[in-house]
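**Q** What follows is a predicted protein model with its sequence.
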Amino acid sequence: MFYENELEFFINFIENCKIRTHIINDNNIPESLDLGIRQLLGLDDDYFNTFDLSSVDIGEGIFLTDIFGCKYYFIALPENDSKKTLVVGPYTSQIISLSEIEEKASAYSLSTSTIKNIHKYFTAVPYISDDGFIGVAINCLCEKIYGSADKFEITRKQNDELSDITVLIKGQKTADEESPLITIQMIEKAYEQENKLLNAISQGLVHKAEMFFTSAKPSNMLESRITDRLRNAKNFLIVLNTLSRKAVENGGVHPIYIDSISSDFAFKIEAAKNTDECDELFFTMIRKYSRLVQKHSQKGYSLLVQKVITCIDTDITADLSLKTQAKLLNVNPSYLSTLFKKETGITLTDYVNKKRVERAKHLLKNSSTQIQTVAQSCGMLDVNYFTKIFKKYEGVTPKEYRAK
């Protein structure tokens with residue numbers, strides 16, 4: 001097809017927003033477009049009515065909000081040999097929590113199993129608070145594949161039958177049935193999101209890591225494993241803390257940097273008083289772990305250079321001379337010097353001095369400690385030598401730096 005590249009870009013963009021897409025041939029509707037919710041509730045007729053694509057003709061598209069408040073786009077794609085329809089969705093612009101489901105459904109004697117599966121469904125459906133950008137992206141795609149905006153039209157359809165959550169009980173099955181389809185979709189999505197999040201953390205990609213939960217509070221999107229929402233959120237954070245530790249370790253960060261952050265989060269998680277604090281802890285956690293990789297990743301360095309860097313970062317006041325480090329590692333000083341510069345791009349002495357200057361800048365900005373004491377805290381006992389080194393890297397003396 002002539003628009004293959006544009007369609008591929010569009011699909012990648014939409015799926016990066018965590019929204020599913022399908023390309024359907026000749027109106028052959030797959031069973032899982034709605035993640036299995038209608039099958040669970042006995043709404044088979046509504047499934048085929050909702051996803052009847054026979055009315056979507058070339059040059060047309062439909063934007064549909066279904067009886068669950070979930071949104072879909074159906075876009076006819078121009079083809080010569082067969083009819084193809086692009087389906088985007090489901091997604092929702094409202095958060096449906098377990099407490100809301102239980103409150104609305106209590107009068108209808110829904111089984112515990114059904115309530116749990118309904119909540120699984122809404123947890124699996126992506127939440128997009130402001131979905132205007134999706135329509136813009138679809139218009140751009142249609143303009144490309146049809147040539148101009150006047151050659152296609154998107155019709156909006158709102159299902160007015162029921163707009164309340166009580167629609168969930170309309171055709172409910174009487175037995176305590178599990179929905180394997182919803183369970184599978186939920187598990188697959190959870191693991192996919194988890195892997196993407198941890199991969200972003202392991203690479204130090206803060207914004208990419210945050211992207212996975214920018215549209216909603218994590219505590220509202222979690223599947224409740226127990227009835228206590230605060231305990232449920234805390235359990236999630238405990239698991240995330242453990243997985244993030246391993247992610248940054250895989251990102252080349254030495255455990256000595258990880259341990260203190262991990263322990264600090266463990267205390268803060270248990271001290272959280274409400275789910276809002278848990279939500280804030282979530283974002284703080286992914287930021288701190290991602291930045292830990294940015295700052296301390298030793299990926300790509302040999303084990304010997306990793307040991308030297310760890311030693312420097314552990315105690316900046318120690319004797320960090322080339323001769324001493326080579327003796328500690330039982331290697332030739334000349335070999336260590338050559339290897340360190342080859343892998344880091346600077347000499348060991350420059351690396352140590354830069355670390356000491358960075359430490360000095362922090363102390364000069366955030367304390368009123370005397371400059372001589374600052375020098376000693378950075379491993380330089382001679383204040384004149386400290387001033388000389390500081391000016392070499394910063395262009396000003398420590399006193400001038402503090403004054404600025």
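**A** Thanks, I have the structure now. Numbering: from 1, shown residues only.
**Q** His254: what's its closest spatial neighbour, skipping adjacent residues?
**A** Computed as Cβ to Cβ, 6 or more residues apart in numbering, the closest residue to His254 that is not its neighbour in sequence is Thr310, at 4.8 Å. Bear in mind the C-beta positions are built from the backbone N, C-alpha and C, glycine included.
**Q** just checking, the one you found touches Ile256?
**A** Yes: Thr310 lies in contact with Ile256 (Cβ atoms under 8 Å); the separation is 6.2 Å.
**Q** quick one, which of the two is more surrounded?
**A** Thr310 (15 against 12; other Cβ atoms under 10 Å).
**Q** ok, now which ones touch that one?
**A** Residues near Thr310 by Cβ atoms under 8 Å, 6 or more residues apart in numbering: 254, 256, 298.
**Q** The last one contacts Gln306, correct?
**A** I take that to be Gln298. Yes: taking contacts as Cβ under 8 Å, Gln298 lies within contact range of Gln306: 4.5 Å.
**Q** Quick check on these two: which one has the bigger neighbour count.
**A** Gln298 (20 against 16).
**Q** mind checking which helix or strand the more buried one is in?
**A** According to DSSP states H and E, Gln298 maps onto no helix or strand at all.
**Q** List the contacts of it.
**A** Taking Cβ under 8 Å, 6+ apart, we find Gln298 in contact with 252-254, 305-306, 309-310.
**Q** Save these as TSV, and put in pLDDT and distance to Ile128 too.
**A** Shown next, in TSV, are the contacts of Gln298 (pLDDT from 0 to 100; distance: Cβ to Cβ, whole Å):
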residue	pLDDT	distance to Ile128
Gly252	83	35
Val253	84	33
His254	79	39
Val305	89	45
Gln306	85	43
Ile309	87	43
Thr310	85	43
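**Q** show me where pLDDT drops low in the chain?
**A** 1, 80-81, 98, 104-110, 158-190, 211-227 (pLDDT under 70).
**Q** returning to that earlier point: joint contacts of Gln298 and Gln306?
**A** Common neighbours of Gln298 and Gln306 (Cβ under 8 Å, 6+ apart) are His254.
**Q** residue boundaries of the strands in this protein?
**A** 21-25, 60-65, 70-77, 84-92, 153-158 (DSSP state E).
**Q** Just want the angle from the first one to strand 84-92.
**A** Compare the direction of strand 21-25 with that of strand 84-92 by axes from the mean of the first three to the mean of the last three Cα atoms, to 10 degrees and you get 150 degrees.
**Q** Sheet-wise, list the partners of strand 21-25 with their directions.
**A** strand 84-92 (antiparallel) (DSSP bridges).
**Q** again with the second one
**A** Strand 60-65 sits in its sheet next to strand 70-77 (antiparallel), strand 153-158 (parallel), going by DSSP bridges.
**Q** Is it possible to get CSV of those that adds mean neighbour count?
**A** CSV is the format used below for the strands paired with strand 60-65 (neighbours: other Cβ atoms under 10 Å):
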stretch, mean neighbour count
strand 70-77, 22
strand 153-158, 12
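**Q** Select, out of these, the one closest to Leu348.
**A** strand 70-77 (58.4 Å; Cβ to Cβ).
**Q** ok, Asn117 - how many residues close by?
**A** Neighbours of Asn117 using other Cβ under 10 Å come to 22.
**Q** what separates Thr155 from Cys140, distance-wise?
**A** Taking Cβ to Cβ, to the nearest Å as the measure, Thr155 falls 18 Å from Cys140.
**Q** Give the buried residues for stretch 390-399.
**A** 390, 398 (16 or more other Cβ atoms under 10 Å).
**Q** what's the offset of it from the middle of its chain?
**A** 40 Å (Cα atoms, centre = their mean, to the nearest Å).
**Q** repeat for stretch 325-336
**A** 42 Å.
**Q** Make JSON lines out of the strands of the chain and add distance to Pro398.
**A** Below are these laid out as JSON lines (distance: least, Cβ to Cβ, whole Å):
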{"stretch": "strand 21-25", "distance to Pro398": "58"}
{"stretch": "strand 60-65", "distance to Pro398": "63"}
{"stretch": "strand 70-77", "distance to Pro398": "59"}
{"stretch": "strand 84-92", "distance to Pro398": "55"}
{"stretch": "strand 153-158", "distance to Pro398": "64"}
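**Q** Out of those strands, which gets nearest to Asn332?
**A** strand 21-25 (58.9 Å).
**Q** Need the residues that contact the closest one.
**A** Contacts for strand 21-25 (Cβ under 8 Å, 6+ apart): 11, 14-15, 30, 33, 53, 77, 82-88.
**Q** at 10 Å instead, please
**A** The contact list for strand 21-25 (Cβ atoms under 10 Å, 6 or more residues apart in numbering) reads 7, 10-15, 29-30, 32-33, 51, 53, 56, 73-75, 77, 79, 82-89.
**Q** Put the buried members of these into a ChimeraX selection.
**A** Applying 16+ other Cβ under 10 Å to the contacts of strand 21-25, the buried members can be selected in ChimeraX as follows:
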select :7,10,11,13,14,29,33,51,53,56,73,74,75,77,83,84,85,86,87,88,89
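**Q** what's the burial count for the residue nearest to Asn139 when sequence neighbours are not counted?
**A** Using Cβ to Cβ, 6+ apart and skipping residues adjacent in sequence, the residue nearest Asn139 is Ala149, 7.1 Å away. Other residues near Ala149 number 11, with proximity taken as other Cβ under 10 Å.
**Q** what sits against Ala149?
**A** 139-140, 142-143.
**Q** just the buried members of these?
**A** The buried subset of these - by 16+ other Cβ under 10 Å - is Cys142.
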